[in-house]
Structures are given as structure tokens and as C-alpha cells.
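K.L.:
from the sequence below, what's the structure:
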Amino acid sequence: MIADLIETLKTDGRFRPRVEHVEILPAREPLYGALERPLPQALQSYLDRNKIRLYSHQCEAVDHLRSGKNVVITTPTASGKTLAFNLPVFETLLEDESATALFVYPTKALSNDQLKVLKEMERSCGVSIRPAIYDGDTPPSRRSAIREGARIIITNPHELHQILPWHQKWQSFLRRLCFVVFDEAHSIEDSATEYFGVQATRAGALALLGRFIRRERTQERGLLPFIKLKLIQSVLVEFLEIKFVAFKLQ
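P.N.:
Presented below is the predicted three-dimensional model:
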């Protein structure tokens, strides 16, 4: 099927002028890894039921996140990046019933896909996470319940600009925030205005988020937590994790 598609692109007059190069990469054997310490039984059972064996880059990501480090994963499509951050997020939420996480996606389609994954993991692990999408289409009647009850909230960079000025409504969620995931980060190699505008919007949203997290945690604990804002310039970065208010910008 794939071979037929490639042949069509190479020979069909409608597509041939637009094809610059065709290269078939040889298959590679998977490189599996092992975690420094076992996962909680609920998460390990989830992997076992789905016949999932962790790749080396997934194990490395989980171990780094467990130790409080920031992680950027740059691997091909369908290589398990989502699982690499969902595992440590769920582990933390299993161990700390008050912990929360914020997932930021660029499109509604990706947000909806992730919501399905999170609900399946929640059901499989038997833990109450109550993941929910909070964006411009979220009905006003549901917003308060999501802010107060959801332990994983999925949103987008544009919505952060809309909700963070109302940070007093988000005090409870932000004070318990342990992870922020920016899924999909790209370097800008084209100076076109529209690309810059998108990146500037995301940068501003992230900076504003950091400011309000610092404010809420400072008020609660009487401490000034460490905050770091770092630009990421890596092509086709598709995962970005932030833990304990240490920011890396997509």
C-alpha cells in the first residue's frame, strides 16, 4: 500500500513536479530500556495489559522527570513520546492526591486525542484524575467545575492568554501544579510574520503562566520558588515537559 502511494507520487503528472527526493530508510530494531526503579503497580499493569515495553528514550525521559529535570524529546512520529510524559505525570498524581498537571496543545484535534488517552489510563489505573479540556469552546457552566475538580487540564497557548488574567480563579489549581507539558515545539527558520506571531503568542502565555505560578506558590508557602525561562531552538521537537516551575519554551 505504501509502495503504491510512493509510486503514484513519483509517476503521476499531478504530483511528480512537486516531488524532489524519495528515500526509503531501512528498518531498525527497537532499542528497549529499563527504569531506574519500578513503576507503581497500577501503571505497570496498564503497560502489561496493553503489551507495552518501554523504549530506551522513554525510560531515560521518565528517570529524568522523576529527578526533577526538564526534558525535551525529539524522536520520530509514533515513537511513544506521549507515554514518556504521561507515565511520570500519572505516577506523581497517584502518589500525591492533591497534585495537578497542565497540558498545552496547539490544536483541538491533538487535545481531543490526548483526552481519550488520559481517560483510558485513568480507567485502567483506577485513579480519579478527571482530565478535561479547557478552551474557548468550554461552556461557562462547566468551567468552575473543571478548574476546581480536574487534576489534568488540557488547553492551548491562546487560551492561556484568556484565562491567566483571572488567576484568582485558578489559585487552587496553580498551587498544586507539578507538571506543565508543551506538546509540539518547533524552531523558527522562516521569518514569515504568521510563524513569529504564533511563537510570540506561546512565549507570552508561558511567561505569564510562570509569573502567576510564582505568585500563587509564594503566597501559599512564603517562599520564592526557582523560575527559569529558556528558549528552545530545536527542529521538530514534539514534547516539552516542565516540572516544579522550571520553564522551557516551545
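
K.L.:
show me what the helix or strand residue 142 falls within packs onto, helices and strands only.
P.N.:
Assessed by DSSP states H and E, residue 142 sits inside helix 140-149. Here helix 140-149 touches helix 171-175, going by 3 or more Cβ pairs under 8 Å, 6 or more residues apart in numbering; DSSP states H and E. All C-beta spots, glycine's among them, are computed from the backbone N, C-alpha and C.

K.L.:
mean confidence for the helix holding residue 142?
P.N.:
Averaged over helix 140-149, pLDDT sits at 93.

K.L.:
show me what whichever strand or helix holds residue 115 is in contact with.
P.N.:
Using DSSP H and E, residue 115 sits within helix 108-125. With contact meaning Cβ atoms under 8 Å, 6 or more residues apart in numbering, helix 108-125 is reached by 42-43, 45-46, 49, 82, 86, 90, 94, 103, 105, 128-133, 135, 137, 152, 154-156, 183-184.

K.L.:
would you check that residue 179 makes contact with residue 90?
P.N.:
No. Judged on Cβ atoms under 8 Å, residue 179 makes no contact with residue 90 at a distance of 10.1 Å.

K.L.:
so where is the protein shaky, pLDDT-wise?
P.N.:
185-250 (pLDDT under 70).

K.L.:
where exactly do the helices run in it?
P.N.:
Under the criterion DSSP state H, helices of the chain are mapped to 2-11, 41-49, 56-66, 81-95, 108-125, 140-149, 157-163, 171-175, 193-221.

K.L.:
separation between residue 95 and residue 40?
P.N.:
Separation of residue 95 from residue 40 (Cβ to Cβ, to the nearest Å): 7 Å.

K.L.:
between those two, which has more neighbouring residues?
P.N.:
A side-by-side neighbour count of residue 95 and residue 40, using other Cβ atoms under 10 Å, places residue 40 first with 15 against 9.
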